[in-house]
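Peer 1: Turn this into a model:
(one chain, ligands or ions: 1)
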Amino acid sequence: MIGGEKVVCQKCGNEIGREFYIDGVAFLECGGIIIRRTDANCKQCGQDFHWVITETKLQRLIKRVLDNRETYANLR
Ligand SMILES: [Zn+2]
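Peer 2: As a prediction, the model looks like this:
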């Protein structure tokens, strides 16, 4: 997993979450959850914020994460 770049509101710069990439799929991590689809608003200024990951990409992403988890478990 690479990334960790801050995702900020384009209007006021409020930090919304962090962006990560797995197999070229970008997802948004925010407060312990992975967001795949949202129509939200910046809580600081009200700016619209949209984030979408397609179903196919999400399944690939989750599979990859679970595979990695198994690999790490076997190493212990
Ligand atoms: Zn804002």
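Peer 1: give me every residue that touches the nearest residue to residue 31 once chain neighbours are set aside.
Peer 2: With Cβ to Cβ, 6 or more residues apart in numbering as the measure, residue 17 is the residue that lies nearest to residue 31, at 7.4 Å, once sequence neighbours are left out. The C-beta positions use only the backbone N, C-alpha and C, and glycine is treated the same way. With contacts taken as Cβ atoms under 8 Å, 6 or more residues apart in numbering, residue 17 has the following neighbours: 6, 7, 28, 29, 30, 31, 35.
Peer 1: Restrict the residues you listed to those that also contact the ion, please.
Peer 2: Restricting these to those adjacent to the ion (criterion: Cβ under 5 Å from the ion) removes every one of them.
Peer 1: filter these to the buried ones?
Peer 2: Applying a neighbour-count criterion of 16 or more other Cβ atoms under 10 Å, the buried members of the contacts of residue 17 are 7, 28, 29, 30, 35.
Peer 1: What's opposite residue 5 in the beta bridge?
Peer 2: On the basis of DSSP bridges, residue 5 takes part in beta bridges with residue 19.
Peer 1: my guess is it meets residue 18, correct?
Peer 2: Yes: with contacts counted by Cβ atoms under 8 Å, residue 5 reaches residue 18, the gap being 6.6 Å.
Peer 1: Between those two, which is the more surrounded one?
Peer 2: Legend: neighbour count by other Cβ atoms under 10 Å for residue 5 and residue 18, higher for residue 18 (14 against 11).
Peer 1: and the worst-scoring helix or strand of the chain on mean pLDDT, C-alpha only, in CSV?
Peer 2: Across the helices and strands of the chain, mean confidence by mean pLDDT, DSSP states H and E is lowest for helix 55-75: a mean of 73. The C-alpha atoms that make up helix 55-75 are tabulated as CSV, following Å, rounded to 0.1, in the frame of the first residue of the first chain:
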residue,chain,number,x,y,z
GLU,A,55,-17.6,-1.9,-7.6
THR,A,56,-15.0,-3.9,-9.6
LYS,A,57,-12.1,-1.8,-8.4
LEU,A,58,-13.3,-2.1,-4.8
GLN,A,59,-13.5,-5.9,-5.0
ARG,A,60,-10.0,-6.1,-6.4
LEU,A,61,-8.9,-3.8,-3.6
ILE,A,62,-10.4,-5.8,-0.8
LYS,A,63,-9.1,-9.1,-2.2
ARG,A,64,-5.6,-7.7,-2.4
VAL,A,65,-5.8,-6.5,1.2
LEU,A,66,-7.1,-9.8,2.5
ASP,A,67,-4.4,-11.7,0.5
ASN,A,68,-1.8,-9.5,2.1
ARG,A,69,-3.2,-10.1,5.5
GLU,A,70,-3.0,-13.9,5.0
THR,A,71,0.6,-13.6,3.8
TYR,A,72,1.6,-11.6,6.9
ALA,A,73,-0.2,-14.1,9.2
ASN,A,74,1.7,-17.0,7.7
LEU,A,75,5.0,-15.3,8.3
